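Participant: After the sequence you'll find the predicted model.
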Amino acid sequence: MNIFLILFFIVWILGWLINIRLSLIKNANFLRFFIPTLFGFVILLMWEFLVLGLNINPVLLPPPTAIALKFADSLDILWIDFVQTLIKGALSGYILGCGAAILTAIAIDKFNFLKRGLLPFGNFVSALPIVGMAPIFVMWFGFDWESKCAIVVVMVFFPMLVNSVQGLELVDHSRQDLMKTYNASYTQTLFKLRLPSALPFIFNGLKICSTLALIGAIVAEFFGSPIKGMGFRISSEVGRFALDMVWAEIFVAALAGCLFYGLISLIEKQLTFWHPSNQK
Amino acid sequence: MKKLIINNSILPILTILLFIVIVWYLSAIPMNSEKVTRQFKNLSFTEHVEKTWNLKKPKLPTPHQIVNEIINTTFYKKISSKRSLVYHGWITLKATLAGFILGTFLGIILALGIVHNRAMDLSVMPWVIASQTIPILAIAPMIIVVMNSVGVTGLLPKAIISMYLSFFPVVVGMVKGLRSPDQMQIDQMRTWSASPNQLLWRLRFPSSLPYLFASLKVGIAASLIGAIVGELPSGAISGLGARMLAGTYYGQTVMIWSALFAAAFLAASLVFFISFIQNYTLRKMAILR
């Protein structure tokens, strides 16, 4: 039993006790942020002490401090990878795919025949392992970011389509009748009533797709990429057993994922202020 | 009523399918014609088109090539053979099911903790959500390689990735489901002086089942994806994912596509299986009529 292991247990029990104590306080708003933060911090500390205490080989599981050092050390490489994979590959594909899906949803919604034919198909495709198409797209569009963009487009298209169509479908009939009594045209009804009321569904789709886009862009790089990009870095550094660099890349991906998700939720709160879930 | 729905949507679906197949054949012509002109000279137009549809290593294989390959590797090869699609599919299926079962249990246990313990609700729930922004599929190769070097090989590393992917929908769905009984029903249980255990098993658990099944469908599709990506790192030699990778290395596009279709078929039948159980259970419980 060495000092780090003892520290590990102390942190564990202390963190546990504090969290239980804190959660008994009712109606404190700052706790909503404080408790999860504390929980995460305790986990990190426990991770650090466990690695040090059990003498785990840093090749297998590097301690958080080593990852942080590596992260601070290689900011330039991480930035290049970030731009290559997330901005060029994932973001462009995300915008293209989601945009196309929303436009298609509006088109489908107009024709009942298309809706009945495409929707079951869309539901089916969204359950498929589309990631598997990554090698095919790399073959078609080359090694650079274009192939990553393409796979992201295909991955996000169908979940987004299904969500948007559902949103457009579920508009309250009395409201549509009201628009009719106003003698509103199709476009007016679409932009003033149906699209706004479909927004909660559209944002739900956007949120689901944000993770999918990240995954698609990174996994596609395993099948071939120029010598930059997060997927390339992860697979090549794993080969060299430089796991601290891999974890630094994971940290970047998680951070970018969280920030992007947060951004979407923020826009959602602004645009769907009228929805019951946003009202107290 | 149900028959009406089927009749109403079967024609549109077939139309869309036909449309896809036609577009597929048409786009195979320009995509493969470069290769044909390189291999053959002085072909008439019809011969040229026919060649683009029957190349050995085409850029875009046509549906009939894929179907032939699937039939060939499914029925005409021994199941234990490395060339059999059934063999590879079975390997992937095992990892998927193991991960799915583990993930479901983990998810249900976490959800029970979150519903019963306020400290856990406040501290764990945000991290469950945050855990999903980590693109786990992207680090799957690392997990596999690290586990291999610790001596954990075979089914388990893939199952762990599947588990990570499938526990999330179960947690979210179960928390929602366990909280779905309203105050009136809970009060009713109290008037019968039900113990917490009885409250859980007689009220909360049954009313969470519709949510659970909805999550299970998402979860099993996710675990299949996890298992396939888990087979991608070099070194894996069996499984649908490994087959796709091998296809990439040797330019065997037909092989990639047939593995892809096998995966799609597997995903569809797994989801169908869950909805079958769902319909049966919910009907027995008179939730669904």
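Facilitator: Everything's here; your move.
Participant: Domain map for chain A?
Facilitator: Segmentation of chain A into domains, based on automatic domain parsing, reads A:3-53, A:72-278.
Participant: residue contacts, the nearest residue to B:Tyr164 once chain neighbours are set aside?
Facilitator: Among residues not flanking B:Tyr164 along the chain, B:Ile136 sits closest, at 5.2 Å (C-beta to C-beta, 6 or more residues apart in numbering or on different chains). (Glycine included, C-beta is placed from N, CA and C.) Taking C-beta atoms under 8 Å, 6 or more residues apart in numbering or on different chains as the contact definition, B:Ile136 lies against B:161, B:164-165, B:226.
Participant: coming back round to it: closest to chain B out of the domains of chain A?
Facilitator: Chain B sits nearest to domain A:72-278 of all the domains of chain A, at 3.0 Å, using C-beta to the nearest C-beta.
Participant: Okay, and the residue most central in space within chain A sits in which element?
Facilitator: For chain A, the residue whose C-alpha lies nearest the mean C-alpha position (C-alpha atoms, centre = their mean) is A:Thr211; its distance is 2.6 Å. Element membership of A:Thr211 [criterion: DSSP states H and E] is helix A:195-221.
Participant: That helix: which residues count as buried?
Facilitator: Under the neighbour-count criterion of 16 or more other C-beta atoms under 10 Å in any protein chain shown, helix A:195-221 has A:195, A:197-206, A:208-221 buried.
Participant: could the domains of chain A be laid out in TSV, adding distance to B:Asn72 and mean pLDDT?
Facilitator: Written out in TSV, the entries for the domains of chain A read as follows (distance: least, C-beta to C-beta, whole Å; pLDDT from 0 to 100):
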stretch	distance to B:Asn72	mean pLDDT
domain A:3-53	50	75
domain A:72-278	20	83
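Participant: Pick the most buried one from those.
Facilitator: Here the criterion is mean neighbour count by mean count of other C-beta atoms under 10 Å in any protein chain shown, and of these the winner is domain A:72-278, at a mean of 19.
Participant: centre of the chain versus that one, how much separation?
Facilitator: Taking the mean C-alpha point of domain A:72-278 and that of its whole chain, the gap between them comes to 9 Å (C-alpha atoms, centre = their mean, to the nearest Å).
Participant: Flag every residue of the stretch 51-200 of chain B that's near chain A.
Facilitator: Listed as neighbours of chain A in the stretch 51-200 of chain B under the rule C-beta under 8 Å from any C-beta of the partner chain: B:59, B:118-119, B:121-127, B:130, B:132-135, B:137-139, B:141-142, B:145-146, B:149-150.
Participant: helices or strands up against the helix or strand B:Ile274 falls within?
Facilitator: B:Ile274 belongs to helix B:253-284 when assigned by DSSP H and E. For helix B:253-284, the contact count by 3 or more C-beta pairs under 8 Å, 6 or more residues apart in numbering or on different chains; DSSP states H and E identifies helix A:134-141, helix B:63-75, helix B:85-116, helix B:205-230, helix B:240-250 as packing neighbours.
Participant: mind redoing it with 10 Å?
Facilitator: Counting contacts by 3 or more C-beta pairs under 10 Å, 6 or more residues apart in numbering or on different chains; DSSP states H and E, helix B:253-284 is packed against helix A:112-126, helix A:134-141, helix B:63-75, helix B:85-116, helix B:205-230, helix B:240-250.
Participant: Nearest to B:Tyr25, out of those?
Facilitator: Proximity to B:Tyr25, assessed across the helices and strands packed on helix B:253-284 by C-beta to C-beta, is greatest for helix B:63-75 (7.5 Å).
Participant: tell me which residues in that closest one are buried?
Facilitator: So helix B:63-75, judged by 16+ other C-beta under 10 Å, has buried residues B:65-66, B:69-70, B:73.
Participant: Quick one: distance of that helix to the chain centre.
Facilitator: From the chain centre to the centre of helix B:63-75 is a distance of 21 Å (C-alpha atoms, centre = their mean).
Participant: For that helix, give the mean pLDDT please.
Facilitator: Regarding helix B:63-75, the rounded mean pLDDT is 81.
Participant: I'd like to know how far the residue nearest to B:Tyr164 sits from A:Val219.
Facilitator: With distances defined as C-beta to C-beta, to the nearest Å, the gap from B:Ile136 to A:Val219 amounts to 11 Å.
Participant: Give me the common contacts of the two.
Facilitator: With contacts defined as C-beta atoms under 10 Å, 6 or more residues apart in numbering or on different chains, the residues shared by B:Ile136 and A:Val219 are B:Val229.
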